[in-house]
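Peer 1: Here is the input, now give the coordinates:
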Amino acid sequence: MSHGKQFTLFTHKAGPNGWKVAIVLEELGLSYEPVYLDFQKGDQKAETHTKYNPNGRIPTLIDHKNGDFSIWESDAIILYLAAKYDPAHTISATTEAERFTELQWLFFQSSGQGPYFGQAAWFNFFHPEKIASAQERYKNEILRVLGVLDGVLATQPWLNGGRCTISDLSFIPWNDFAIKGLLEGVNVAEKFPNVQRWHGTMAERPSVVKIHADQIAIKNA
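Peer 2: Predicted coordinates:
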């Protein structure tokens with residue numbers, strides 16, 4: 001494993017959770033080497049990866065400047081990066097109240113958004129049988145999650161502390177995936193105008209622009 005850059009990020013070309021970590025690394029100006037695991041070959045379950053992540057899934061981050069410290073689970077990685085490499089709190093909580101609100105939103109993202117949006121993707125694109133009831137259930141869950149976000153964002157521009165933080169950034173990749181591929185027949189701008197505004201503002205951040213360009217380049221490589 002090359003240690004030319006501070007971090008190694010085990011990830012996947014299409015995995016939203018890996019891109020989420022990459023956005024935060026870009027926000028903090030941290031150098032990293034992505035290693036794109038081939039799920040068809042079972043790379044994620046190979047010992048070369050599971051010695052760092054016993055769950056055998058992505059993402060996994062290795063911090064070479066901290067004794068090759070390894071950490072997995074995307075929101076745990078984001079919290080580690082914020083705690084260790086954002087001393088000025090440019091994208092992280094500053095007060096105790098903000099800290100707990102930050103945890104609240106990251107837990108909601110990891111337990112509410114990620115699993116439901118992921119199941120929607122599975123039943124729409126990968127499950128060998130088309131099960132209409134499962135597709136409808138998880139589409140409705142996407143709409144429910146977006147409704148929660150839209151209601152909060154109706155009264156404030158960001159989820160936490162009046163500025164863009166990891167509380168917001170953690171939602172980008174799965175929201176992007178859902179808006180572009182899982183909500184056929186839904187006018188997101190009309191149904192969830194506050195989410196549309198919030199998401200669109202984040203999409204213009206240099207870190208997100210860079211990651212979107214990387215996604216396109218990897219897809220077309």
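Peer 1: List the buried residues in stretch 111-123.
Peer 2: For stretch 111-123, the neighbour count (16 or more other C-beta atoms under 10 Å) marks G112, Q113, G114, Y116, F117, G118, Q119, A120, A121, F123 as buried. Every C-beta, even on glycine, is put in place using the N, C-alpha and C of the backbone.
Peer 1: Domain-wise, how is the protein divided?
Peer 2: Domain assignment for the chain by automatic domain parsing gives 7-87, 96-206.
Peer 1: which one of those domains is the most hemmed in?
Peer 2: Of all those, domain 7-87 has the most neighbours on average by mean count of other C-beta atoms under 10 Å, namely a mean of 18.
Peer 1: Check what pLDDT the most far-flung residue of the chain relative to its centre gets.
Peer 2: For the chain, the residue at maximal distance from the C-alpha centroid (C-alpha atoms, centre = their mean) is E129, at 27.5 Å. At E129, the model reports a pLDDT of 92.
Peer 1: returning to what we had before: among the buried residues of stretch 111-123, name the ones in helices.
Peer 2: Cross-referencing these against helices under DSSP state H gives G114, Y116, F117, G118, Q119, A120, A121.
Peer 1: I'd like the residues you listed laid out as a markdown table, including pLDDT and distance to D214.
Peer 2: Shown next, in a markdown table, are these (pLDDT from 0 to 100; distance: C-beta to C-beta, whole Å):
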| residue | pLDDT | distance to D214 |
| --- | --- | --- |
| G114 | 95 | 21 |
| Y116 | 95 | 26 |
| F117 | 95 | 21 |
| G118 | 94 | 21 |
| Q119 | 95 | 26 |
| A120 | 93 | 24 |
| A121 | 91 | 20 |
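Peer 1: Pretty sure T8 sits in a strand.
Peer 2: Yes - counting by DSSP: H, G, I helix; E, B strand; the rest coil, T8 is found in a strand.
Peer 1: mind listing what the spatially closest residue to it that is not a sequence neighbour touches?
Peer 2: Computed as C-beta to C-beta, 6 or more residues apart in numbering, the closest residue to T8 that is not its neighbour in sequence is I62, at 4.3 Å. By C-beta atoms under 8 Å, 6 or more residues apart in numbering, I62 lies in contact with M1, F7, T8, L9, F10, Y52, D68, F69, S70.
Peer 1: Look at I62 and give its secondary structure.
Peer 2: Under three-state DSSP, the three-state class of I62 is strand.
Peer 1: for it, which residues make a bridge with it?
Peer 2: As for beta bridges, I62 partners with T8, S70 under DSSP bridges.
Peer 1: Output the below-cut-off pLDDT ranges for the protein.
Peer 2: Where the chain drops to pLDDT under 70, the residues are 1-2.
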